[in-house]
Structures are given as structure tokens and as C-alpha cells.
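Asker: model the structure of this input:
(4 chains)
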Number of protein chains: 2
Amino acid sequence: MMPPHSPAHSSILALLETEGSHLPRGVFQKVAFERGQLLTHPDDADYIVIIKTGCMRAFWLAFDRELSLAYLRPGDMFSTHTRLHMQASEPTRLFIARRTAVEQVLAVHPAFQQALVHGLAKVLGQTMTLLEDLAFHHARGRIARYVVRSAAQAGIALQPGQVVPLALGMEEMAALLGTTRQTVSTEFNAMIREGAFARERRGYLRLRDVSLLENWASGDGIRNT
Amino acid sequence: MMPPHSPAHSSILALLETEGSHLPRGVFQKVAFERGQLLTHPDDADYIVIIKTGCMRAFWLAFDRELSLAYLRPGDMFSTHTRLHMQASEPTRLFIARRTAVEQVLAVHPAFQQALVHGLAKVLGQTMTLLEDLAFHHARGRIARYVVRSAAQAGIALQPGQVVPLALGMEEMAALLGTTRQTVSTEFNAMIREGAFARERRGYLRLRDVSLLENWASGDGIRNT
DNA sequence: CGTTTTATGTCGGGCATCTGACAGACAGCG
DNA sequence: CGCTGTCTGTCAGATGCCCGACATAAAACG
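Answerer: Model prediction:
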């Protein structure tokens, strides 16, 4: 379920802080965002951002639907794509630079290139996970997979009794899983009734029948629609 | 609709041919495939492939459904991902190397790094296009978008009377658009009946009411399901 | 030229999910 | 405490699409 790539993560921030002075002035700008604030493209150019602290949500906005692609955390990098938006989901500081500038400057900087490749690969991996979800799994399967991922991310074993934190509310989950608030809510409670887990306080759940969860997550009922 | 990235394309093959000798022996292997042949991973390692001639289809195989991610053509590069398969859709020759080997060797080779970044970005772009399709567009919209893309790719203006080649049959289209043969067939013929285009011989269609096509393609009726 | 194989067209039934609407639960704040 | 806004649960109706089955058309092949 997506390797950590930790060396690249820690290193790119370190590179920016320590070796940043070797770069021409003004390639990377530091910017700060408040919760809910949108990163707006000043012009039509592509930009590369690297999160320093906080959390940015990368999402599609098409017509009146939102689809969250990823929640970016410190060390993550992203390239603003057409039609893709970014929003701070908590106070956030980041580095930003024009893509063209980055390419010119970093062509002679193998370490950065390496970091860039890793960053792109990670985003690609996340995109593929989402695509796989949409293409092959029902809403229930996607929710189960999200719970499993949340547990893994929090370093929690998939065993009965364990408490798993859910970073997202129903609505945000729905946007991340490509479904609707109502469907998430309904499925979630159905899963509880069937004994897969129980609700702890808000934003937390306690695992019960883990095999149920695993079956749903691994595509027991496969998406045809 | 996805920039050409042509410099990277032409250059990476050139790099492999001309500067290949500068690389340690045996990093990149040349392999040939016949139509229909699968690229099987000899082991669990990740591989990087670069198409030399022909065409490879990259696709998911989950349970009994297939979803084509992309058709790779000369100059395209790809990294074999878990759960992702590759199949020659015509006689094909390609270069292949272990990812780890590539990373070690190319860390000191900025030109290759550059090419790698471009290649990854292109794959990411295609993945996002597919994701956007699945998330936001109905079957009809996806078909329309595919027709528009086919025209653009063939360098054909979107004007009545123009003949657009469709490289794919109904079944292959369905796999690429994340739907079924039947739905593609039905929608396709409905679009013909509504006057968007007419069928020429097999694999070709003649544009008629282009505005219809554009409306469907740009998400006139947006996906809710 | 007939036969076989493959690609395409069409239909009816079923189902997962969306929509819109409303009610209850919870949190923040004066 | 009571008010207000936001989050959550649930329902009934509508729908886009899948599935299986079968019919037709077009290519492949002797």
C-alpha cells in the first residue's frame, strides 16, 4: 500500500533549507496559508509546490462537484495541473516556484531531480489508488479501504479493539472517495450494524470484526457500475 | 488537452541509442514482443520500460475486469506498477531496466533525469485524464471526449465533413473508458442517430454536428453516479 | 463461395448510487 | 442556559449503467 519514500521526503525539505542558498534568488517563494484559503494561480503557468508545514488538499473542481485527489503533508510536492485546485485544510506554509524556472535551475542539480522524480512517483501512486477505487470498488469497498489506510497510516494494527482515528468528516471522506455524503453515512452505519467496527467518539472508531473489513477492502463485492 | 512534450520523447530514445554506451552494460535490455504478448515481471522488482517501436497497452486487471490506462507509443516510458500489466497490441520492441538500477545509474545523468521527469509527468497526465473521465463524465461524455482526442491526435480539425480515425474497436474503447462493450455500442449509435457524426467504413467516422460533440465532451450532462 | 470466427447492435431486468428533503445530534457562543 | 450553525442519519424516488442473452453484420479462411 504505497511505500513510504521517506528518504526523498526528508531530503527535499532539507535541500531547500540548506542548499537553497545555492539557488538563484527568488526561484522558490515561501508562502503561508490560513485554513480554508485557496492557492490561486497568479497566471496560467504551472507551479511546483512543496509543503513545509500544515496540510493542503489537492482537488478537482468540475461544475459543482469536488473530488479530492490527495491531502499533502510536509515534504510532499505537487505540480499545479490545469483544473486542479489546492486549499489549505489547516494553517500551512509552503514553497512555490514556477515549473519552468525549476526545470531550468534544477537541470544541473541531480539531488533535486531525484527528489522531483520521487515526488512525482508518489503523486502518481496516489492518483492510481484513487483511480483503482473508482474503477473497481463499490462505495462500501472504498470506505473500507479508507479505514484500512487510516489505520496503517496511524501505525495501528488491524485487530479487534484497536481505535482508529479518521482524519476526515463524512463530507470530506465522500469527496476523497468519489461519492456523496449520504452514501458514506449510510454505508458507514450499515458497516457498524454488521459488526465491522463501532463508533468511538467523533472521528474515531473501534475495530470489531476485522475480516469483514478486509473482505470489503479487497474487493469482495466488485464494482460493475 | 495534454501538451506534446515532444522534446523529451525524441530525446530519450536518442539518448539511449547514442549515449547508451556510456552506461554500464546490461542496465537497459532490448526486448521484442509479438502482438498480444504480455510483459511479465520476472520478479517482484519495479521495472522501467521505454517503447522503441510498436505499441504497448498498459492496463489494470482486477478480478475479471480490465481497465486500460494508456496505449504507449515510441518514446513513451512507463514504470511497471504493482497490479499493472502490459501487453503488446502490435509487434513491439522496447528497452527495459530495473528501476533501482536506473535510479543509481542516472542519478549522475541530468539529461536522463529530465527525460524521466517528463515521462512521469506524461503518464500522470494520462492517469488524471482517465480519473477525470471516471469521476465526472457519463459514458456518452467519455466517448465524445475520446472522439475529440482521436481527432486531435490525428491532427484533424473539429469540423463537419472531416473523417476521424478510431484506433480502437468497441471492446477496446470500453476498456479504455471504463465502461462496457454494450454501453459503448448503444451510446455510439445513439450519437449517430442524433446527428453528431456518421459512420464511414470500419474504424472511421465522419463528423457532422460538431457542437453536439463538444457539448457532450465538455460535460454538458455531468456525472452524478 | 459457404463456413467459421469475430465484431457489433439491441433488449429487458436489476441494482448501486445520486438527488432532494427533512429530522436529529452535536458544538460554539452569547 | 438557550440559540445557531454545522455535522450526521435516513428515506423515497429517479437514473445511468451493468449483465445476460440473442440477433445481425462483417471479416477470415478453407
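Asker: going forward, measure contacts and count neighbours with C-alpha atoms only.
Answerer: Noted.
Asker: remind me, longest helix of chain A?
Answerer: Determined from DSSP state H, the single longest helix within chain A is helix A:110-136.
Asker: avg pLDDT for it?
Answerer: Mean pLDDT, helix A:110-136: 83.
Asker: is it in proximity to chain B?
Answerer: Yes. Helix A:110-136 comes into contact with chain B (CA under 8 Å from any CA of the partner chain), by way of A:110-111, A:113-114, A:116-117, A:120-121, A:124, A:127-128, A:130-131, A:134-136.
Asker: what are the buried residues along that helix?
Answerer: A:110-128, A:130-136 (16 or more other CA atoms under 10 Å in any protein chain shown).
Asker: just checking, what packs against the following helix or strand past it?
Answerer: Downstream of helix A:110-136, the next assigned helix or strand under DSSP states H and E is helix A:139-153. If you count contacts as 3 or more CA pairs under 8 Å, 6 or more residues apart in numbering or on different chains; DSSP states H and E, helix A:139-153 packs onto strand A:163-165, helix A:170-177, helix A:181-193, helix A:210-217.
Asker: on that earlier part again, tell me if the longest helix of chain A is near DNA strand D.
Answerer: No. Shown here: helix A:110-136 not in contact with DNA strand D (CA under 7 Å from any atom of the strand), separated by at least 9.2 Å.
Asker: contacts for stretch A:31-48, please.
Answerer: Under the contact criterion CA atoms under 8 Å, 6 or more residues apart in numbering or on different chains, stretch A:31-48 has outside partners A:77-82, A:85-100, A:102.
Asker: of these, keep whichever come out buried.
Answerer: Using 16+ other CA under 10 Å, the buried ones in those are A:77-81, A:85-90, A:92-99, A:102.
Asker: near chain B, from those residues?
Answerer: Okay, of the buried ones among the contacts of stretch A:31-48, nothing touches chain B (CA under 8 Å from any CA).
Asker: number of nearby residues for A:Ala152?
Answerer: By the measure other CA atoms under 10 Å in any protein chain shown, the count of residues near A:Ala152 is 14.
Asker: swap in A:Val49?
Answerer: 22.
Asker: which residue packs closest to it, ignoring adjacent ones?
Answerer: A:Ile96 (4.3 Å; CA to CA, 6 or more residues apart in numbering or on different chains).
Asker: picking that back up, out of the residues of helix A:110-136 next to chain B, which is nearest to DNA strand D?
Answerer: Closest approach to DNA strand D among those (CA to the nearest atom of the strand): A:Ala135, at 9.2 Å.
Asker: what stretches of chain A score poorly on pLDDT?
Answerer: Under the criterion pLDDT under 70, the flagged ranges of chain A are A:1-11, A:15, A:18-26, A:42, A:82, A:107-108, A:110, A:220-225.
Asker: residues from it in reach of DNA strand D?
Answerer: A:169-171, A:182-183, A:185-186, A:188-190, A:202-203, A:224-225.
Asker: which of the residues you listed sits closest to B:Leu106?
Answerer: Set against B:Leu106, the nearest of these by CA to CA is A:Asn224 (42.2 Å).
Asker: which two from the residues of helix A:110-136 next to chain B end up farthest apart in space?
Answerer: A:Pro110 and A:Phe136 (38.0 Å).
Asker: mind listing what's buried along stretch A:183-202?
Answerer: Here stretch A:183-202 shows A:184-185, A:187-189, A:191-192, A:196-198 as buried, counting by 16+ other CA under 10 Å.
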